[in-house]
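Novice: Provided below for reference: sequence and predicted model.
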Amino acid sequence: MLLADEVATHHPVLSDNPYQPHMARIVRIYKMVENNHLFTLRFLEDRLAHSFRHLPGQFIMLSVPGVGEMPISISSSPSRPEVLELCVRRVGRVTNALYRLKTNDVVGVRGPYGNGYPMQEIMGNDILLAAGGLGMAPLRSLLWYALDHRDRFNNITLMYGAKRPEDMLFREELTALVDRTDINCLLTVDADPGGTWKNHVGLLPTLFDHAKIDPLHSYAAVCGPPVVYKFILQRLLDLGFPKNHILMSLERRMKCGVGKCGHCSIGYKYTCLQGPIFTYWDAINLPEMI
Amino acid sequence: MKILKLPKEKLDLFASVVQQFGELHAPVEQDGKFVFRRLTRWSDARLEYDRTLLPPKKYFLPPRETMFRYRPGEGFLPNTEGLDQRLILFGVHACDVYALNILDRVFAGKFPDPYYQARRKNIGIIGIDCTPDKHCFCRSMRADFVDHGFDLFFYDTGDYYQVLVGTALGDDMVLATGSVFEPEEAADIDDYKRRSWNKRRSFQLDVEIRDLPEIFEMEYQSEIWDDLGGRCLSCGSCSMVCPTCYCYDVVDDVELGSRGGNRTRAWDSCLFANHALVASGENFRGPRASRIKFRFYHKQRGFVAEYGRPSCVGCGRCITACPVSIDVVQVIDRLRRVQDVASR
């Protein structure tokens, strides 16, 4: 017979609970853009900080104690472990509470969840990353993963558009990529009222004029507001991209992240299990996809 | 499977013995309806009942359940209260056992739900046979018989209950009761078959579920959904009473006068307006018609793709609960008729 304490430590709710948040410290809050801050987290437990591994495109469930839990995509690359970087827009109840926290405050993290980008499939091909606005958040993980494992990929192209220069997420590090010769980094803004922007001005699809694309040997990762999907997807199809080579990262309401609570279901799939990365082919074959 | 028989007059004895295996719960009458509840007296149990207001899922996925307590400095502490309590549910119908078998698959998988799993392990189930009424269509949904998911299952064959022994726990209940259980004889098998035959003929509803995925696939744009959306009140009653609806919401609250609090989950419904609403204001299933369509698709079509069968077990509860008389059987019939017309 087990002692009461032993029973307790063997209880699956205590020892193997997929809903268990692990406490993490806010290491840094970087105000990239008004209401789009980059939060850097590190697990309080060293063991977790060392062992946490994710794929580009996966997400975590982030808890603000006493307020709630929400899905947030991971913006840092698995090639740069030990900390997690999350680009969070201040938009709802829980994100507002997160914005009230300060460096060294503690939050809860569990995950990683979701399928992530199909890296095995992508490797050996060209990658085209196309993002608008907040869409850069999940793509940034893939971008740095590809740059840090540069030999595993052919040509890498990034097309990123924001409204104005000051709205561009990760502006400093992305503009630093423009000079690199191992990536075609194309940055554009819709308008540049200040006249200080040294890159492209114009809508995101105009960047296609500056990109060299071989659609049959490429994977395109697209993320952004609906307007980005509307214009970019059509352009990719016109170029001759196979629909299963176009990868989209979808957003849904989630309460569990592990395929139980039902909120993120699209047709017959759970965004948290079979997604959040879906091919365009999945998207047009599942009802209510975009 | 081990099959025994129990003389009816020995049922009281069996019930008294079974209590040593856990707190006894059974259907009792409440305002002319039935509910599963803890028995204070065995005589309160109503084993011949049509259907309980809420299905037994309330024991495994409680309407409200505290998952964690949050304490500053300590983090989220899992709540184990009540998870290890041993209960015996006496008198569960086959459709409801089938529904639990479906929930078992949802709450297993890559990320097993430890709260559900603990309760499923600690709650014994004694099934009982039933007589279909005008809302029952479990036979159409292939859920009128279960071969697992219970510890014992009782079939009324006149003077005896024939008893299917499903698990070692069920066997222990039998052994603890002593020699009142008798071995099955050939004539008893004939009684069982006759009973089954009579039951099958007494169904008043028959829904053809063959081709259901195909029909749903073709009728995605059907005007039927707009019509249903116009009638549905989004009250969520159908989800609450459904034995296989498992959607839940999670809410954090802070205890007054403290910085600690609780993380609680509570039943939710895909018919509620905010079910697919995200923080940016985008609602992926805004119109009521798209929400009720989603409920039908997830149950009757999505589950077929995911688990090989619809998640509906034909218990009839949603039909009796809907305030505007939306009837799943009629909806499927209507979709099928559209198909039949199209095929001519």
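Specialist: All right, it came through fine.

Novice: what residues are up against A:Met168?
Specialist: A:Met168 makes contact with A:33, A:160, A:162, A:174, A:187, A:189, according to C-beta atoms under 8 Å, 6 or more residues apart in numbering or on different chains. The way it works is simple: take the backbone N, C-alpha and C, and place the C-beta from them, glycine included.

Novice: 7 Å - rerun?
Specialist: Shown in contact with A:Met168 (C-beta atoms under 7 Å, 6 or more residues apart in numbering or on different chains): A:162, A:187, A:189.

Novice: give the burial count for the nearest residue to A:Lys243 once chain neighbours are set aside, as a bare number.
Specialist: Closest residue to A:Lys243 apart from its sequence neighbours, by C-beta to C-beta, 6 or more residues apart in numbering or on different chains: A:Trp281 at 4.0 Å. For A:Trp281, the count of nearby residues is 13 (other C-beta atoms under 10 Å in any protein chain shown).

Novice: and A:Trp281, its phi and psi?
Specialist: The phi/psi pair for A:Trp281 (degrees, to the nearest 10) reads phi -60, psi -40.

Novice: what of A:Asp167?
Specialist: Torsion angles at A:Asp167 (phi, psi; degrees, to the nearest 10) stand at phi -90, psi 0.

Novice: my guess is it meets A:Met32, correct?
Specialist: No. Applying C-beta atoms under 7 Å as the test, A:Asp167 and A:Met32 come out as separate, 9.7 Å apart.

Novice: what comes up buried for stretch B:193-204?
Specialist: Of the residues in stretch B:193-204, B:195, B:199, B:203 count as buried by neighbour count, 16 or more other C-beta atoms under 10 Å in any protein chain shown.

Novice: mind listing which of those residues are in helices?
Specialist: Members of the buried residues of stretch B:193-204 lying in helices (criterion: DSSP state H): B:195, B:199.

Novice: coming back round to it: would you mind measuring from the residue nearest to A:Lys243 to A:Asn104?
Specialist: 46 Å (C-beta to C-beta, to the nearest Å).

Novice: for the stretch 101-250 of chain B, which segments are assigned as helices?
Specialist: Taking DSSP state H, counting those that start in this stretch as the test, the helices found in the stretch 101-250 of chain B are B:114-122, B:168-177, B:186-201, B:212-218, B:224-231, B:237-241.

Novice: isn't B:Val207 right up against B:Cys138?
Specialist: No. In this structure, B:Val207 is not within contact of B:Cys138 by C-beta under 7 Å, at 10.2 Å.

Novice: intersect the buried residues of stretch B:193-204 with the contacts of chain A.
Specialist: Among the buried residues of stretch B:193-204, no residue lies close to chain A (C-beta under 7 Å from any C-beta of the partner chain).

Novice: now, which of the buried residues of stretch B:193-204 sits nearest chain A?
Specialist: The nearest member of these to chain A, counting by C-beta to the nearest C-beta, is B:Phe203 at 29.0 Å.

Novice: coming back round to it: any chance of the helices of the stretch 101-250 of chain B in TSV, with distance to A:Ala211 and mean pLDDT too?
Specialist: Compiled in TSV, those are given as follows (distance: least, C-beta to C-beta, whole Å; pLDDT from 0 to 100):
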stretch	distance to A:Ala211	mean pLDDT
helix B:114-122	49	95
helix B:168-177	65	95
helix B:186-201	66	89
helix B:212-218	38	86
helix B:224-231	42	94
helix B:237-241	48	96
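
Novice: of those, flag the one that's most buried.
Specialist: Across those, averaging neighbours per residue (mean count of other C-beta atoms under 10 Å in any protein chain shown) puts helix B:237-241 on top, at a mean of 21.

Novice: can you get me a residue count around residue 163?
Specialist: Since you didn't name a chain, this refers to chain A. 12.

Novice: try again with chain B
Specialist: 24.

Novice: where does the residue nearest to it when sequence neighbours are not counted sit: helix, strand or coil?
Specialist: Nearest residue to B:Val163, sequence neighbours excluded (C-beta to C-beta, 6+ apart): B:Leu4, at 4.8 Å. Classification of B:Leu4 using DSSP: H, G, I helix; E, B strand; the rest coil returns strand.

Novice: residues in contact with A:Leu169?
Specialist: A:Leu169 makes contacts with A:32-33, A:36, A:87, A:136-137, as judged by C-beta under 7 Å, 6+ apart.

Novice: can you say which of these are buried?
Specialist: For those, a burial check counting by 16+ other C-beta under 10 Å picks out A:32-33, A:36, A:87, A:136-137.

Novice: which residues are in contact with stretch B:270-288?
Specialist: Identification of contacts with stretch B:270-288 by C-beta under 7 Å, 6+ apart yields A:91-92, A:95, A:251-253, A:262-263, A:288, B:229, B:232, B:234, B:236, B:239, B:247, B:268-269, B:291-292, B:294-295.

Novice: please disregard the earlier target; I meant stretch B:202-210.
Specialist: For stretch B:202-210, the external contacting residues (C-beta under 7 Å, 6+ apart) are B:131-132, B:134, B:136-137, B:139-141, B:310, B:329, B:332, B:336.

Novice: ok, 8 Å please
Specialist: Residues contacting stretch B:202-210 (C-beta under 8 Å, 6+ apart): B:131-137, B:139-142, B:300, B:310, B:314, B:329, B:332-333, B:336.

Novice: put the buried members of those residues into a ChimeraX selection.
Specialist: Of the contacts of stretch B:202-210, the buried ones can be selected in ChimeraX as follows, counting by 16+ other C-beta under 10 Å:
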select /B:132,135,136,137,139,140,141,300,310,314,329,332,336
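
Novice: related to what we said a few turns ago, need the max-distance pair from the contacts of A:Leu169.
Specialist: A:Val33 and A:Ala137 (11.3 Å; C-beta to C-beta).

Novice: report how many residues lie close to the closest residue to B:Ser140 other than its chain neighbours.
Specialist: Nearest non-adjacent residue to B:Ser140, counting by C-beta to C-beta, 6+ apart: B:Val207, 4.0 Å away. Per other C-beta under 10 Å, the neighbour tally for B:Val207 reads 18.

Novice: tell me how far B:Val207 lies from B:Asp190.
Specialist: For B:Val207, the distance to B:Asp190 - C-beta to C-beta - is 30 Å.

Novice: go on, A:Met248?
Specialist: Distance from A:Met248 to B:Asp190, by C-beta to C-beta: 61 Å.

Novice: B:Lys110 too?
Specialist: Distance, B:Lys110 to B:Asp190, by C-beta to C-beta: 46 Å.

Novice: before we move on, what about A:Glu173?
Specialist: Here A:Glu173 is placed at a distance of 80 Å from B:Asp190 (C-beta to C-beta).

Novice: need the nearest residue in space to the residue of the stretch 51-200 of chain A found nearest chain B, chain neighbours excluded.
Specialist: The nearest approach of the stretch 51-200 of chain A to chain B comes at A:Gly92, 3.0 Å away (C-beta to the nearest C-beta). With sequence-adjacent residues excluded and distances taken as C-beta to C-beta, 6+ apart, A:Gly92 is closest to B:Ala279, at 3.0 Å.

Novice: which SS class is that neighbour?
Specialist: Strictly by three-state DSSP, B:Ala279 counts as coil.

Novice: backbone phi and psi for it, please?
Specialist: phi -60, psi -30.

Novice: pLDDT at it, what is it?
Specialist: Looking at B:Ala279, its pLDDT reads 87.

Novice: okay, now it: neighbour count?
Specialist: B:Ala279 has 16 neighbours, counted by other C-beta under 10 Å.

Novice: circling back: nearest to B:Glu223 among the contacts of A:Met168?
Specialist: For these, the nearest to B:Glu223 is A:Ala162 (42.7 Å; C-beta to C-beta).

Novice: and the pLDDT at that closest one?
Specialist: 95.

Novice: the nearest residue to it once chain neighbours are set aside and B:Asp211, how far apart?
Specialist: Leaving aside its sequence neighbours, A:Ala162 sits nearest to A:Met168 (C-beta to C-beta, 6+ apart; 4.0 Å). Per C-beta to C-beta, A:Met168 is found 53 Å from B:Asp211.
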